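*Asks:* got a structure for you, letters missing:
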């Protein structure tokens, strides 16, 4: 009888993936190995191709240092980008908030790092991360409430991608022909009601956290703020209805900057969903108010999802080796 | 050297599938073998469990006779039902227009016919049939414009099913809080604008083809009819936007009773889609007006799709042996 041999190479040689969520202002990154987040690094994002590449290379260096990854240890890199990726490539078609336009980010980074690099839309990457953190669901959507509104949908472990990059762009479904103008040119879009950018611009007062200011002012009785807050709940509830009535997802996980409002936002959204359930027994049977959840504040879902995408194993079912945290 | 042996059993012994689209008033059925529709039979549908079973057995007998299928020749049966099927079973949870409620239609028919029976929601079955008749698309939706409005979505050859039977129920997405009341209890649903039942009830005049009457009256200058016709195009265009902005399908195939209006309807819908494309460069980039198509009038898509579902090979890619016609 001998000792059981180790199941694989010793830990220090096991594959490491770096996941980077490159946002318009901040970049959140993790190094992941074998079910463990080894390190997390956050930094400001530069603007334009050179500055974005520099931000990513700084993050890679910082992650290697924090996680104690030796220079010769191979890593793979997954990157989430707020924009459209040319399907099947590492080329960013458009990422307005990063100043990228038809830029092969993957090629630039592969040259500079010598690593395999995969690029994914940030909301789709966050969908993978959210599904992983939640620990699975028959089907789920991730609804990102940030400056804009978009969603990712996962059924049977597969992301719905669509053919021209519009899958999940539910922020631009109009729900009210008499509603507010949307930056996209339509009227009454979900995003015009519930996008952080649209709310901030209609609120019109400066502040680091304009939507939080709106909630505070609404609590203090400001009529304009109360109307904006009601519009936000109206838009988010509509997004949840669209996702369930189209894809019948079991769970809608709400993330993005506005998710930090937590119960202050969710209570309003649930009330709005219950109102429509009371009016319609069909909607009532769908129990929409029970299908919504939020990501915990400070969650690394987007960076973790980028790591999942970077590992080339995008289905959460097959990614069970990663840390939940 | 001998003759090449036949690739399979002689034609008379090859599998035959009967596909039955059981509608609220009419049942359309086909017998299919080896790339060929052998026979097509249409008859009136009875109401309630016994009458629905009798209708189906009559159709099976008629199809066997017309197609010259001997009594001992085994067939499989696929049935499309306007209602909700308990996932993974042959039990109809609800089919209001047929008077079925928690009724195991498959078991009743298997006993009576000795055949393998599969049951599918009619819109989902028609989605399979429409995809097959079209000859494939990277991804597509089938938008059924009948008494009500619902859709089926197919990507990578797979139907999106969802987990609680609500996938594709886009008719009950509200697009106007000041719009007409919907029979579901909400206000301004897509179906309240564009469902044949809703239009007929708002038109309020008797007639065999109320929506066609509305179009004729609109052509003659009737203001109420013009408003109803505009609402129909508005609702259908909204359904197309929802399908593309959620699932990014390449093609939306429009079928169901109202599709018989053909270009009279489609021209209005395209105009509505072009209007939103002109307002929004984002929507314009999606070229929605080029993504819509209709089924040819008299198409057997729904019955053919029921046959595909009945053959247990629901993905059109794997069903290429069936006739296109």
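*Replies:* Nice, I can see it. Because the structure is predicted, anything quoted here is derived from the model rather than measured.

*Asks:* quickly find the element holding residue A:211.
*Replies:* If you go by DSSP states H and E, residue A:211 is part of helix A:210-219.

*Asks:* beyond that helix, next helix or strand please.
*Replies:* helix A:223-247.

*Asks:* now that next one: mean pLDDT?
*Replies:* Mean pLDDT, computed over helix A:223-247, is 97.

*Asks:* the next helix or strand after that helix close to chain B?
*Replies:* The helix or strand immediately downstream of helix A:223-247 is strand A:251-255, counting by DSSP H and E. No - Strand A:251-255 lies apart from chain B when judged by CB under 8 Å from any CB of the partner chain; the minimum separation is 9.6 Å. C-betas here are computed from N, CA, C, even on glycine.

*Asks:* tell me which strands the helix or strand of chain A with the lowest mean pLDDT pairs with, and in which orientation.
*Replies:* Scoring the helices and strands of chain A by mean pLDDT, DSSP states H and E places strand A:158-159 at the bottom, with a mean of 84. If you go by DSSP bridges, strand A:158-159 pairs up with strand A:149-155 (antiparallel).

*Asks:* who's in contact with the partner strand?
*Replies:* A:121, A:123-124, A:126-128, A:131, A:138-144, A:159-160, A:167-171, A:190-191, A:194-195, A:235, A:239, A:243, A:247, A:249, A:316, B:160, B:162, B:246 (CB atoms under 8 Å, 6 or more residues apart in numbering or on different chains).

*Asks:* report the buried members of those.
*Replies:* A:121, A:123-124, A:126-128, A:131, A:139-144, A:159-160, A:167-171, A:190-191, A:194-195, A:235, A:239, A:243, A:247, A:249, A:316, B:160, B:162, B:246 (16 or more other CB atoms under 10 Å in any protein chain shown).

*Asks:* restricted to strands, list those residues.
*Replies:* A:121, A:139-144, A:159 (DSSP state E).

*Asks:* which parts of stretch A:166-186 are buried?
*Replies:* A:166-177, A:179-180, A:182-186.

*Asks:* again, but for stretch A:212-231
*Replies:* Buried residues in stretch A:212-231 (16+ other CB under 10 Å): A:213-215, A:217-218, A:222, A:225-226, A:228-229, A:231.

*Asks:* wasn't residue A:37 part of a helix?
*Replies:* No - applying DSSP: H, G, I helix; E, B strand; the rest coil, one finds residue A:37 to be strand, outside a helix.

*Asks:* that one: neighbour count?
*Replies:* 19 (other CB atoms under 10 Å in any protein chain shown).

*Asks:* ok, it to chain B distance?
*Replies:* Noted for residue A:37: a distance of 30 Å to chain B, by CB to the nearest CB, to the nearest Å.

*Asks:* over to residue A:204?
*Replies:* 23 Å.

*Asks:* ok, now residue A:33?
*Replies:* For residue A:33 relative to chain B (CB to the nearest CB), the value is 32 Å.

*Asks:* which one is that residue nearest to, not counting chain neighbours?
*Replies:* Among residues not flanking residue A:33 along the chain, residue A:16 sits closest, at 4.5 Å (CB to CB, 6 or more residues apart in numbering or on different chains).

*Asks:* tell me the pLDDT at residue A:95?
*Replies:* 89.

*Asks:* how close does residue A:38 sit to residue A:18?
*Replies:* 10 Å (CB to CB, to the nearest Å).

*Asks:* neighbour-wise, which of those two wins?
*Replies:* residue A:18 (30 against 18).

*Asks:* what is the three-state secondary structure of the nearest residue to the more buried one once chain neighbours are set aside?
*Replies:* Spatial nearest neighbour of residue A:18, chain neighbours left out: residue A:77 (4.9 Å); criterion: CB to CB, 6+ apart. Using three-state DSSP, the structure places residue A:77 in strand.

*Asks:* how many neighbouring residues does the residue nearest to residue A:287 when sequence neighbours are not counted have?
*Replies:* Nearest non-adjacent residue to residue A:287, counting by CB to CB, 6+ apart: residue A:277, 7.6 Å away. Neighbours of residue A:277 under the rule other CB under 10 Å: 19.

*Asks:* hmm, back to that, if I pick the residue nearest to residue A:18, what's in contact with it?
*Replies:* With CB under 8 Å, 6+ apart, residue A:77 has these contacts: A:17-18, A:20, A:60, A:109, A:113, A:115-118, A:310.

*Asks:* just residue A:165 next, same as before
*Replies:* A:84-85, A:87, A:93, A:121, B:248.

*Asks:* would you agree it falls within a helix?
*Replies:* No - secondary structure of residue A:165 (three-state DSSP): coil, not part of a helix.

*Asks:* that one and residue A:83: what is the separation?
*Replies:* Residue A:165 is 9 Å from residue A:83, by CB to CB.

*Asks:* shared neighbours, those two?
*Replies:* Common neighbours of residue A:165 and residue A:83 (CB under 8 Å, 6+ apart) are A:93, A:121.

*Asks:* so where is the stretch 1-150 of chain A shaky, pLDDT-wise?
*Replies:* A:1-13, A:35 (pLDDT under 70).

*Asks:* what do you get if the cut-off is 90, keeping everything else the same?
*Replies:* Counting by pLDDT under 90, the stretch 1-150 of chain A has low-confidence residues at A:1-15, A:24-25, A:33-36, A:70-74, A:83-88, A:93-97, A:111, A:132-139, A:147.

*Asks:* from residue B:84, how far off is the one residue in it that gets nearest to chain B?
*Replies:* Nearest to chain B, among the residues of the stretch 1-150 of chain A, is residue A:138, at 4.6 Å (CB to the nearest CB). For residue A:138, the distance to residue B:84 equals 17 Å [CB to CB].

*Asks:* just residue A:279 next, same as before
*Replies:* In terms of CB to CB, residue A:279 sits 21 Å off from residue B:84.

*Asks:* same deal with residue A:97?
*Replies:* 43 Å.

*Asks:* likewise residue A:143?
*Replies:* On the measure of CB to CB, residue A:143 and residue B:84 end up 26 Å apart.

*Asks:* what of residue A:273?
*Replies:* In terms of CB to CB, residue A:273 sits 21 Å off from residue B:84.

*Asks:* more neighbours: those two, which one.
*Replies:* residue A:273 (26 against 18).

*Asks:* you'd agree that one is up against residue A:290?
*Replies:* No - Residue A:273 is beyond contact range of residue A:290, at 9.0 Å (criterion: CB atoms under 8 Å).

*Asks:* need the contact list for the closest residue to residue A:212 other than its chain neighbours.
*Replies:* Excluding the flanking residues, the one nearest residue A:212 by CB to CB, 6+ apart is residue A:261, at 6.8 Å. For residue A:261, the contacting residues are A:211-212, A:215, by CB under 8 Å, 6+ apart.

*Asks:* which residues in the stretch 1-150 of chain A form helices?
*Replies:* A:49-67, A:105-113, A:122-134 (DSSP state H, counting those that start in this stretch).

*Asks:* how about those in TSV, adding distance to residue A:254?
*Replies:* Below are the helices of the stretch 1-150 of chain A laid out as TSV (distance: least, CB to CB, whole Å):
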stretch	distance to residue A:254
helix A:49-67	26
helix A:105-113	28
helix A:122-134	9
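
*Asks:* what count of nearby residues applies to residue A:28?
*Replies:* 24.

*Asks:* beta partners for it?
*Replies:* residue A:21, residue A:42.

*Asks:* please report how far it lies from residue A:80.
*Replies:* From residue A:28 to residue A:80 the distance is 9 Å (CB to CB).

*Asks:* find the residues that touch each one of the two.
*Replies:* A:20-21, A:302-303.

*Asks:* before we move on, back to that, just put the buried residues of stretch A:212-231 in a markdown table and tack on distance to chain B.
*Replies:* Shown next, in a markdown table, are the buried residues of stretch A:212-231 (distance: CB to the nearest CB, whole Å):
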| residue | distance to chain B |
| --- | --- |
| A:213 | 26 |
| A:214 | 21 |
| A:215 | 23 |
| A:217 | 24 |
| A:218 | 20 |
| A:222 | 23 |
| A:225 | 21 |
| A:226 | 17 |
| A:228 | 17 |
| A:229 | 17 |
| A:231 | 11 |
